[in-house]
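>>> Mind looking at a prediction? Sequence and model below.
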Amino acid sequence: MPWKEVPDIEGSRILKEVSLFKQISGPILCRVLADWDTDEYRYTLLGSGGFLNFKGKYFVITNYHVVQSVPEEGLPKNIVVPIVNHGTSKARFTRYALDKRSDLAAFEIMEEDIDRFDPKRFITEDYAQINPVEYLRDQNNMVLLHGCPSDMSGIDYNDQVVQVTTFPYVTFAIGYQEESNIIQVSAHSEGLNEHGQIVTIPRLNGMSGSFAYTYGQGVVPYRLLGLLSNGSRESGSAWILPIQEIFQFIEKNFF
């Protein structure tokens, strides 16, 4: 079956979905920063990430290219992931793994640390769409993204405040590249926000490393597709690593 050239969901339905999706995905989304341990300009916003509970272990998942500017001898201590919306609490990591080929990075969180994460939330493998390519092509091509765009974020170095605005975005899948195992989604320059207003879609820089979802039929409203790897408005496309690749990466490096 060929890939569709239009979304399966109409505009009015999309607006309803965006509002609900933002509430569900927001606690799973995280910001990823670098701590350069200097007196001035100490922190840098690197990108986005997601909280995952896989087989009882807890992780921050993001892209390799998001954290590659941090020297490996500084990992994981120089990676900062805030776990509260306001304040300075951050995740503490025990181990990490990187894979440049698949563009994946995972940081394992201390299990005794998990109670500090409320109201943040870890999505589990039970919420994954295990065959995302076939599902998007044959059943429903809707894709939901939620990340931290760099042109909507910044750091006030005078007040030492990280300013981040998250952005939920609904689009649809338009193809799959088997040789690189990556899903292609449409990335238009304009779209609808959660209030039904036509807005310019922010640059996808900064959203790399955030989870991608699809509409789930039944009890689970949204299912985990994979990880937003890269994309641009100029190219009209964004790219998603399928969830199986993430699970295989974690199995190989942490079990």
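Sure, I can see it.

>>> which residues does residue 152 contact?
Taking Cβ atoms under 8 Å, 6 or more residues apart in numbering, we find residue 152 in contact with 164-165, 167, 202, 206. C-beta coordinates here come from the backbone N, C-alpha and C atoms, glycine included.

>>> Kindly provide the distance from it to residue 203.
Computed as Cβ to Cβ, to the nearest Å, the residue 152 to residue 203 distance reads 9 Å.

>>> rewinding a little: can you tell me which of the contacts of residue 152 comes closest to residue 136?
For the contacts of residue 152, the minimum distance to residue 136 (Cβ to Cβ) is 21.4 Å, reached by residue 167.

>>> follow-up on the earlier one: the contacts of residue 152 in strands, which ones?
Among the contacts of residue 152, the ones falling in strands (DSSP state E) are 164, 167.

>>> Please enumerate the strands of the stretch 51-200 of the chain.
57-62, 79-80, 93-99, 104-109, 123-124, 142-147, 153-156, 161-164, 167-177, 182-186, 190-192, 198-200 (DSSP state E, counting those that start in this stretch).

>>> model confidence over the first one, on average?
On average, the pLDDT along strand 57-62 is 97.

>>> got it, and the fifth one?
Averaged over strand 123-124, pLDDT sits at 96.

>>> for that strand, packing partners?
strand 43-54 (3 or more Cβ pairs under 8 Å, 6 or more residues apart in numbering; DSSP states H and E).

>>> List the pairing partners of the strand it packs on within its sheet, with orientation.
Here strand 43-54 has these sheet partners by DSSP bridges: strand 29-35 (antiparallel), strand 57-62 (antiparallel), strand 123-124 (parallel).

>>> Enumerate the positions of it that are buried.
Across strand 43-54, burial judged by 16 or more other Cβ atoms under 10 Å covers 43, 45-54.

>>> Alpha carbons of it, as PDB, please.
What follows is strand 43-54, C-alpha atoms only, in PDB (Å, rounded to 0.1, in the frame of the first residue of the first chain):
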ATOM      1  CA  TYR A  43      24.700  26.100  30.900                       C
ATOM      2  CA  THR A  44      23.800  25.500  27.300                       C
ATOM      3  CA  LEU A  45      20.500  24.200  26.000                       C
ATOM      4  CA  LEU A  46      21.300  21.100  23.900                       C
ATOM      5  CA  GLY A  47      17.900  19.800  22.900                       C
ATOM      6  CA  SER A  48      15.000  17.600  24.100                       C
ATOM      7  CA  GLY A  49      14.600  14.200  25.600                       C
ATOM      8  CA  GLY A  50      12.100  11.800  27.000                       C
ATOM      9  CA  PHE A  51      11.600   9.800  30.200                       C
ATOM     10  CA  LEU A  52      11.300   6.100  29.600                       C
ATOM     11  CA  ASN A  53      10.700   3.100  32.000                       C
ATOM     12  CA  PHE A  54      12.000   0.000  30.100                       C
END
